[in-house]
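1. fold the stuff below for me.
(one chain, ligands or ions: 1)
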Amino acid sequence: MGKAKRKFRNIFAGLLILVITAGSLGACGRDWRGKEVTVIDDNYRTWYEIFVYSFCDSDGDQVGDLQGVISKLDYIEDTGFNGIWLMPVMPASSYHKYDVKDYLEIDPEYGTMADFEELAAECNKRGIKLIIDLVLNHTSSEHPWFVEACSYLESLGADEEPSAEDCPYYEYYNFVKGNPNSDVWYQVGSTDYYYEGMFWSGMPDVNFGSQALRGEFEAVMDFWLEKGVGGFRLDAVKEFYSGATGKNVEVLEWVNSYVKAAKPDAYLVGEAWEGLGTYAQYYASGIDSFFDFEFAGPTGVVTRTLAFSGENNSAQAYAKALCRVQNAIREYREDAIDAPFFVNHDMARAAGYMQYDERKVKMAAPLNILMSGSAFVYYGEEIGMSGSGKDENKRAPMYWSADASAEGMTKGPLDMEPQENMFACAQEQIKAKDSIYGFYKDTILLRNQNPEIARGTVARLEEVEDQDIAAVSKTYEGKTIYLLYNISETDEKQVTMSAEQYGELEIAGYLSVDGGEVTMKDGVVTLPSYSVVVLR
Ligand code: CA
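-> Predicted structure coming up:
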């Protein structure tokens with residue numbers, strides 16, 4: 001470890017000279033970071049998922065808030081993100097706020113509507129697209145619609161039939177008379193009526209069969225688009241009609257056409273927590289993106305590639321999976337934008353999947369972030385935060401400082417168990433050049449410098465790939481670049497990219513976990529263990 005660090009410092013000592021001579025060397029090799037970046041203003045972005053509650057506190061109550069997010073926009077922008085997804089910000093009873101009580105307000109714990117408008121304007125100024133969680137599948141049981149519907153049902157006489165004419169909110173939810181004897185149905189008071197709550201009794205599922213309800217949600221979408229959001233993250237879309245993909249697609253078609261009519265460049269990303277064969281089908285709705293569960297989590301492709309052994313988890317299998325996902329989603333929508341992510345707020349944090357092996361934690365970044373589509377990073381992943389077990393633990397305070405009482409630090413959800421972070425806090429990692437943070441930042445920079453990485457059509461270079469080498473081309477607007485990944489934990493690898501076959505290629509940039517150089521000479525690329533190179 002010490003040796004690797006020393007080697008890395010030597011490289012940095014040489015960097016000054018390289019910067020001076022960069023003009024004569026061209027934009028290749030070790031000086032790639034100095035290249036100018038023009039980020040394209042479209043929906044192929046690099047998104048940062050923020051749980052406001054645990055992100056940054058501005059007023060000393062140790063609960064994160066919108067002003068806290070505003071105060072960290074420099075950090076977010078400097079890291080290279082050009083999109084932000086805020087988990088729910090509307091008034092709710094729970095700490096996570098997925099149980100909305102009022103769709104047209106900001107939860108007072110997070111601040112005011114003026115704070116939100118300020119955040120949206122600040123993001124807009126910086127070219128950061130801001131999307132918010134839109135929870136349509138259910139409301140809070142404390143939402144006035146549900147409260148009124150229930151008191152209406154409770155007021156009915158024994159032989160009176162409920163009617164939406166008497167109480168419009170009655171049809172907003174899924175009520176039935178008689179006990180369905182299911183653990184997702186709950187009794188309305190002491191009546192014979194029951195309501196559906198897929199997640200828990202406090203979150204009654206809505207009825208998308210109600211045009212009046214859809215009208216309410218259209219007003220909600222208009223409201224937030226006018227406040228300056230650039231789109232929505234759509235929660236729990238597979239539960240709109242649980243088990244009925246086709247009906248869910250219809251609901252999403254309605255959402256998509258409504259939002260795009262109001263704001264054609266809006267970005268919509270849906271959470272259809274399903275296998276690839278099913279979530280691919282959701283693209284038929286026209287929604288831009290669905291989260292790529294195939295690659296995510298403790299048993300997804302990224303983890304399998306780095307932490308599991310065997311042929312099915314090889315570098316070659318990784319390249320195959322890139323193509324498999326692309327082809328599956330394009331079958332349903334030609335211009336589908338994949339939404340790769342590694343973990344989100346419902347999953348244990350990734351450092352644990354890698355047994356806190358820093359080299360693997362770093363290498364996971366390019367395996368996720370250099371994927372085609374819109375890549376998402378959950379706050380704190382860029383510094384290798386810890387968090388596993390109950391949901392609260394996965395949503396722990398952003399580890400800005402080792403001092404838990406430092407300015408901006410939050411206390412985290414009430415029922416969170418203390419999580420021990422195995423890597424340094426953000427403050428320290430920002431300063432250290434060889435940190436996980438630095439590696440994430442370089443990865444995002446490489447993505448931003450090469451528009452083909454996010455937007456390109458992927459194809460495998462089968463003659464080049466093997467157990468340790470993943471090799472793909474990405475083609476976008478007539479230009480093709482090549483990405484080579486050395487996923488061997490221990491070995492340097494050489495790959496031949498002959499001029500006859502691939503044309504004259506140069507190194508456009510590279511990532512190397514130990515800081516070693518990727519070189520190219522006479523068509524032979526030398527890749528240190530755990531490195532990625534972009535050739536163009
Ligand atoms: Ca606060």
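2. check what pLDDT the nearest residue to M113 once chain neighbours are set aside gets.
-> In this structure, M113 finds its nearest non-sequential neighbour in I106, 5.3 Å apart by C-beta to C-beta, 6 or more residues apart in numbering. Every C-beta, even on glycine, is put in place using the N, C-alpha and C of the backbone. Confidence at I106, expressed as pLDDT, is 98.
3. likewise for the one 3 residues further on?
-> In the predicted model, E109 carries a pLDDT score of 98.
4. ok, now which ones touch it?
-> The neighbours of E109, taking C-beta atoms under 8 Å, 6 or more residues apart in numbering as the test, are 53, 63, 65.
5. hmm, the last one is touching D115, no?
-> Yes - D65 is in contact with D115 according to C-beta atoms under 8 Å; the separation is 7.3 Å.
6. between those two, tell me which one has more neighbours.
-> D65 (26 against 19; other C-beta atoms under 10 Å).
7. show me what contacts that one?
-> 52, 56-59, 109-111, 115.
8. what's the distance between the residue of the stretch 101-250 of the chain found nearest the ion and G64?
-> At 7.1 Å from the ion, E109 is the closest residue in the stretch 101-250 of the chain, using C-beta to the ion. The gap separating E109 from G64 is 9 Å, by C-beta to C-beta, to the nearest Å.
9. dihedrals phi and psi, the residue in the stretch 401-536 of the chain that the ion sits nearest to?
-> Nearest to the ion in the stretch 401-536 of the chain, going by C-beta to the ion, is T410, at a distance of 7.6 Å. Main-chain torsions, T410, degrees, to the nearest 10: phi -110, psi 170.
10. can you count the residues close to it?
-> T410 - counted by other C-beta under 10 Å - has 23 other residues nearby.
11. contact partners for it?
-> Contacts for T410 (C-beta under 8 Å, 6+ apart) come out as 53-57, 62-64, 68, 397-398.
12. try Y169
-> 145-146, 148-149, 152.
13. Y195 against F175, yeah?
-> Yes - using C-beta under 8 Å, Y195 makes contact with F175 at a distance of 5.3 Å.
14. which helix or which strand is home to A459?
-> A459 is part of strand 457-460, with elements assigned from DSSP states H and E.
15. run through who's touching the helix or strand just after that strand.
-> Downstream of strand 457-460, the first helix or strand assigned by DSSP H and E is strand 469-476. Strand 469-476 is contacted by residues 315-316, 318-319, 322-323, 372, 451-453, 455-461, 464-465, 480-487, 493, 495, 527 when judged by C-beta under 8 Å, 6+ apart.
16. can you tell me how far the closest residue to the ion within the stretch 251-400 of the chain sits from H345?
-> Residue of the stretch 251-400 of the chain nearest the ion, by C-beta to the ion: P397 (12.0 Å). Applying C-beta to C-beta, the value for P397 to H345 is 13 Å.
17. what about those two, which has more around it?
-> Neighbour totals were compared for P397 and H345, and P397 leads with 26 against 18 (other C-beta under 10 Å).
18. give me the pLDDT for that one.
-> pLDDT, P397: 98.
19. let's verify the residue lying closest to L136 once chain neighbours are set aside: helix, strand, or coil?
-> The shortest distance from L136 to any non-neighbouring residue, by C-beta to C-beta, 6+ apart, is to F217 (6.0 Å). Of the three states, F217 takes helix according to DSSP: H, G, I helix; E, B strand; the rest coil.
20. what residues are up against F217?
-> 103, 136, 255.
21. now do the second one, the pLDDT please.
-> Note on L136: pLDDT of 98.
22. list the contacts for it?
-> Shown in contact with L136 (C-beta under 8 Å, 6+ apart): 206, 217, 234-235, 240, 251, 255.
23. list the buried residues for stretch 498-513?
-> 502, 505, 507-513 (16 or more other C-beta atoms under 10 Å).
24. revised request: answer the last question for stretch 485-494.
-> Residues of stretch 485-494 classed as buried: 485-488, 493 (neighbour count, 16+ other C-beta under 10 Å).
25. and the strand holding A459, what other elements does it pack with?
-> If you count contacts as 3 or more C-beta pairs under 8 Å, 6 or more residues apart in numbering; DSSP states H and E, strand 457-460 packs onto helix 315-330, strand 469-476.
26. can you lay out these as a markdown table showing mean neighbour count, distance to G127 and mean pLDDT?
-> Converted to a markdown table, the helices and strands packed on strand 457-460 look like this (neighbours: other C-beta atoms under 10 Å; distance: least, C-beta to C-beta, whole Å; pLDDT from 0 to 100):
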| stretch | mean neighbour count | distance to G127 | mean pLDDT |
| --- | --- | --- | --- |
| helix 315-330 | 20 | 27 | 98 |
| strand 469-476 | 21 | 20 | 98 |
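27. my read: F51 touches M87, true?
-> Yes - using C-beta under 8 Å, F51 makes contact with M87 at a distance of 4.9 Å.
28. now for these two: what residues contact both?
-> By C-beta under 8 Å, 6+ apart, the residues touching both F51 and M87 are 96, 345.
29. so what's R304 closest to, chain neighbours aside?
-> R304's closest residue in space is N313 (C-beta to C-beta, 6+ apart), at 4.2 Å.
30. I'd like the distance between that neighbour and G277.
-> In terms of C-beta to C-beta, N313 sits 20 Å off from G277.
31. which of the two has more neighbours?
-> When N313 and G277 are compared on other C-beta under 10 Å, the one with more neighbours turns out to be N313, at 18 against 9.
32. and the closest residue to K441 other than its chain neighbours, what does it touch?
-> Of all residues not flanking K441 in the chain, T79 sits nearest, at 5.4 Å (C-beta to C-beta, 6+ apart). By C-beta under 8 Å, 6+ apart, the residues touching T79 are 48, 382, 437, 440-441, 444.
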